[in-house]
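Student: fold the following for me, if possible:
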Amino acid sequence: MAEPAAVPGNRRHRGQAVNRPEVDVVIVGGGPVGLFLAILALQDGLRVRIYEARTTRSSHSRAIGIHPPGMAALEATGVSAQLAAEGVQIRTGSARMRDTELVSLSFAKTSTAHPYVLALPQERTESVLQARLEELDPQALRRGHRVTALHDDGSGVSVAGTNAAGGFTVQASWVVAADGARSSVRGLLGIQASGKLLRDSYLMGDFPDNTGDGPVGVLYLEPEGIVESFPLPGGKRRWVAHTRTLQSDADAKDLARLVAERTGRAPDAAASTMFSAFPVRTTALKRLVHGRTVLIGDAAHEVSPIGGQGMTLGWVDAAELAPLLTAAVRGADVGLAAFDRRRRRAAAVASAQARLNMALGRPLPAPLMRARNRVLAGLFRSRTLSDAVARRFTMQ
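Tutor: Residues are numbered from 1 along each chain as shown. Next up, the predicted model:
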């Protein structure tokens, strides 16, 4: 497989840019990863435009976990303190079987600055990032703009698309695809992503928190499948339960019943604010850099949402890419091969971790589950192992 070659920036003559495109970077996708990259690029003085096909932001909480590397990356935008104050800082994890605690996992040694996993609904995270973006450039984000064509001539990329007015075109030095797991840019580039639909499926919902567990993330390792429970701001709690098959016709009542049967807890289904049934799909690309177009986040590597690594993985992609884009726009010959290798390797590690998480959460006959849980409880009496697992769980 050919490695991504060094890509020259805009050629300069006597200190001046020649044939400089209208914008330096076009970002396709206005989710948390696209917004984050745009902020970094604008702070570096680049001209940025984000094209987002959706006209409004989704109100579903979706991704809620921000791991320490994500918080570290967000520090560069100036919003990390606000997010940390608004979210729930999960500093302890607990693995249980019904009411018996098997393992208590502390995140105290995972990070000096951010020894926790921050739980905050994605909608709120995006709102904070967008507010910061608008401080830098209120015109950068263009909603209702769908990119339909890309043409890379080696010195820049011509971007075309549709909007409410009919259509648009723009010339850019670089294009970055941050348009999610169903990336349209992949299709425009003719990229075949290697992926598969795994046998795991889940029900997920947000309910008022009546557990008394406080800011603790809880995993119930039960014979019929794992149940996960995470605190959210505003006195809410997210519940996620493994199901043997995809229950696409289920609702919040079904999830509440399943949680009660497995854990003895009883979420209030009538007060649920979000519900989803979903399978698990993984996607990986053999190459993230295609000429002057770079794919990041879920567009580049979709990992299981179990473990909540996807958003942080995308932010670290963007944090590594941003200075390379700045250097290229300013005329440096930038080699992206090392970036490509590092980010694909990081995605492979995250995917392996997610698969392990899912394997631990699959159903087992009750005697086998009890025996396995006893072994896990014994192993985690080792502080060394416990700290190592905490670091891996928090993407360290």
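Student: pull the helix or strand in which Ser104 is found out as CSV, backbone CA atoms only.
Tutor: Assigning secondary structure by DSSP states H and E places Ser104 in strand 100-106. Extracted as CSV, the C-alpha positions of strand 100-106 are listed here (Å, rounded to 0.1, in the frame of the first residue of the first chain):
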residue,chain,number,x,y,z
THR,A,100,-22.8,-7.1,45.0
GLU,A,101,-19.9,-5.0,44.0
LEU,A,102,-17.2,-7.0,42.3
VAL,A,103,-14.7,-4.2,41.4
SER,A,104,-14.3,-0.6,42.2
LEU,A,105,-12.1,1.3,39.8
SER,A,106,-10.5,4.7,40.5
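Student: give the next helix or strand downstream of it.
Tutor: Heading C-terminal from strand 100-106 (DSSP H and E), you reach strand 117-119.
Student: partner strands of that next one and their direction?
Tutor: Taking DSSP bridges as the criterion, strand 117-119 forms sheet pairs with strand 65-66 (antiparallel), strand 88-90 (antiparallel).
Student: elements contacting the strand holding Ser104?
Tutor: strand 92-97, helix 366-379, helix 383-393 (3 or more Cβ pairs under 8 Å, 6 or more residues apart in numbering; DSSP states H and E). Using the backbone N, CA and C atoms, a C-beta is placed for each residue, glycine as well.
Student: orientation of the shortest one relative to strand 100-106 in degrees?
Tutor: With axes from the mean of the first three to the mean of the last three Cα atoms, to 10 degrees applied, the angle from strand 92-97 to strand 100-106 works out at 160 degrees.
Student: tell me the buried residues in strand 92-97?
Tutor: The neighbour-count check on strand 92-97 (16 or more other Cβ atoms under 10 Å) flags Thr92, Gly93, Ser94, Ala95, Arg96, Met97 as buried.
Student: run a quick check on the third one versus Ser104, I expect a contact.
Tutor: Yes. Applying Cβ atoms under 8 Å as the test, Ser94 and Ser104 come out as touching, 5.5 Å apart.
Student: work out for me the element Trp174 sits within.
Tutor: Assigned by DSSP H and E, Trp174 belongs to strand 168-177.
Student: buried residues of that strand, list them for me.
Tutor: For strand 168-177, by 16+ other Cβ under 10 Å, it's Phe168, Val170, Gln171, Ala172, Ser173, Trp174, Val175, Val176, Ala177.
Student: show me where the stretch 101-250 of the chain has strands.
Tutor: Assigned by DSSP state E, counting those that start in this stretch, the stretch 101-250 of the chain shows strands spanning 117-119, 141-143, 146-152, 157-162, 168-177, 194-208, 216-220, 227-232, 236-243.
Student: what does the first one rub up against?
Tutor: In this case it means strand 117-119. 64-68, 70-71, 83-84, 87-90, 107, 217, 230-233, 238, 308, 394 (Cβ atoms under 8 Å, 6 or more residues apart in numbering).
Student: quick check: which of the strands paired with strand 117-119 is buried the most?
Tutor: The highest average neighbour count among the strands paired with strand 117-119, using mean count of other Cβ atoms under 10 Å, belongs to strand 65-66 at a mean of 26.
Student: residues touching whichever helix or strand comes after it, excluding its own?
Tutor: For strand 65-66, the following helix or strand on the C-terminal side (DSSP H and E) is helix 68-74. The contact list for helix 68-74 (Cβ under 8 Å, 6+ apart) reads 36, 66, 80, 83-84, 110-111, 113-118, 311-312, 315-316, 318-319, 394-396.
Student: so how far is helix 68-74 off the chain centroid?
Tutor: The chain centre lies 12 Å from the centre of helix 68-74; the measure is Cα atoms, centre = their mean, to the nearest Å.
Student: same question for stretch 330-347.
Tutor: 20 Å.
Student: export that stretch as CSV, just CAs?
Tutor: Once non-C-alpha atoms are left out, stretch 330-347 reads as follows in CSV (Å, rounded to 0.1, in the frame of the first residue of the first chain):
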residue,chain,number,x,y,z
ARG,A,330,1.8,28.7,4.9
GLY,A,331,4.0,27.1,2.3
ALA,A,332,5.7,24.1,4.0
ASP,A,333,6.0,20.8,2.4
VAL,A,334,4.1,18.6,4.8
GLY,A,335,4.5,14.9,5.1
LEU,A,336,1.3,13.2,6.3
ALA,A,337,2.4,9.6,6.2
ALA,A,338,3.3,9.6,10.0
PHE,A,339,0.0,11.2,10.8
ASP,A,340,-1.9,8.6,8.8
ARG,A,341,-0.1,5.7,10.5
ARG,A,342,-0.5,7.1,14.0
ARG,A,343,-4.2,7.8,13.7
ARG,A,344,-5.0,4.4,12.1
ARG,A,345,-3.0,2.7,14.8
ALA,A,346,-4.9,4.6,17.6
ALA,A,347,-8.2,3.7,16.0
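Student: tilt between the host helix or strand of Thr312 and strand 168-177?
Tutor: Secondary structure assigned from DSSP H and E places Thr312 in helix 310-329. With the same axes, to 10 degrees defining the directions, helix 310-329 sits at 120 degrees from strand 168-177.
Student: which neighbouring elements make contact with the following helix or strand past helix 310-329?
Tutor: Moving toward the C-terminus from helix 310-329, the next helix or strand (DSSP H and E) is strand 334-335. Helices and strands touching strand 334-335, by 3+ Cβ pairs under 8 Å, 6+ apart, are strand 6-7, helix 310-329.
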